[in-house]
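Colleague: what follows is a predicted structure for the sequence shown.
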Amino acid sequence: MQNYRGFNPRFTREGTVIDIMAGAIFGVGSLFLVAILVFLLVHFMRIKTPERGIFHLSIRYALFSVFLANLGWLVMDAFQGRYIGETGNFIVLHGLGFHALQALLLIGWLLEKSKLHDQKQRMITHTGCTAWTIAIFIVAHQTSIGKTVFEISVFPLLTVFFLLIWLLIIIHSFIQYMLANRSTRPH
């Protein structure tokens with residue numbers, strides 16, 4: 001609703017006292033979510049022998065990526081906005097980090113249902129999740145120097161390269177899932 005009214009819902013400077021209070025409540029809610037995330041991250045890192053190893057591994061990577069997204073949020077909160085420098089925009093880092101909840105968990109879910117042996121599943125999961133995490137770090141660097149990630153330069157091209165590695169891992173994982181699923185169906 002605030003965006004529709006033309007206000008930044010978190011950092012409004014033009015709104016009324018109610019708008020500012022709503023932004024503060026939203027901020028406290030966000031801090032609560034960060035606390036829950038840290039709790040979950042610690043919990044998943046402490047589990048020694050998870051029942052669903054590959055999926056659990058992808059959860060660990062995803063929670064770490066979400067943690068990085070929340071660091072981006074803290075920077076936005078500190079600067080009272082998402083922009084830094086000439087064209088840097090922390091919302092891209094924030095979004096990329098949160099989308100790890102879909103992007104990285106999908107790798108683990110597909111691979112755990114494949115017929116690949118555990119060591120191969122682990123290697124593929126580590127490769128895809130690490131590529132995504134490196135992309136987040138590159139976006140964080142590009143943004144922190146005040147540059148957009150949508151320009152054609154070294155860091156955005158590296159981001160695309162690592163996201164392409166992630167995409168290839170997703171495609172490979174999906175193919176392995178389909179092969180396993182096809183071989184278990186009755187003819």
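Modeller: Now that the structure is in, tell me what you want to look at.
Colleague: distance of the residue nearest the centre of the chain from Gly23?
Modeller: Note on the chain: the residue nearest the mean C-alpha position is Gly97, at 2.4 Å, using CA atoms, centre = their mean. Relative to Gly23, Gly97 is positioned 21 Å away (CB to CB, to the nearest Å). Where you see a C-beta, it was placed from the backbone N, CA and C, and this is true even at glycine.
Colleague: what's the burial count for Ser144?
Modeller: Ser144 has 15 neighbours, counted by other CB atoms under 10 Å.
Colleague: next one: the one 5 residues further on
Modeller: When neighbours are defined as other CB under 10 Å, Val149 has 22 of them.
Colleague: doesn't Pro156 make contact with it?
Modeller: Yes - between Val149 and Pro156 there is a contact under CB atoms under 8 Å: 5.1 Å.
Colleague: shared neighbours, these two?
Modeller: Gln142 (CB atoms under 8 Å, 6 or more residues apart in numbering).
Colleague: what about the helices in the chain?
Modeller: Taking DSSP state H to define them, one finds helices in the chain at 2-5, 17-46, 53-79, 90-98, 100-112, 118-144, 154-184.
Colleague: got any ranges where this protein has weak pLDDT?
Modeller: 1-15, 49-50, 80-81, 183-187 (pLDDT under 70).
Colleague: one more time with 80
Modeller: Scanning the chain for pLDDT under 80 picks out 1-24, 26-27, 29-31, 33-34, 44-45, 47-52, 73-85, 183-187.
Colleague: let me see the contact set for the spatially closest residue to Gly108 that is not a sequence neighbour.
Modeller: In this structure, Gly108 finds its nearest non-sequential neighbour in Ser58, 2.8 Å apart by CB to CB, 6 or more residues apart in numbering. The contact partners of Ser58, by CB under 8 Å, 6+ apart, come to Leu104, Leu105, Leu106, Ile107, Gly108, Trp109, Thr125, Cys129.
Colleague: gap between Ser58 and Leu163?
Modeller: Ser58 is 16 Å from Leu163, by CB to CB.
Colleague: number of nearby residues for Val38?
Modeller: 13.
Colleague: ok, it touching Leu63?
Modeller: No - using CB under 8 Å, Val38 makes no contact with Leu63, being 9.2 Å away.
Colleague: circling back: tell me the contacts of the residue nearest to the centre of the chain?
Modeller: Per CB under 8 Å, 6+ apart, neighbours of Gly97: Ser65, Val66, Phe67, Leu68, Ala69, Asn70, Gly72, Ile136.
Colleague: and the first one, how many neighbours?
Modeller: The tally of other residues near Ser65 (other CB under 10 Å) stands at 23.
Colleague: how about the last one?
Modeller: Other residues near Ile136 number 24, with proximity taken as other CB under 10 Å.
Colleague: can you tell me which residues contact it?
Modeller: Ser65, Leu68, Ala69, Leu93, Leu96, Gly97, Ala100.
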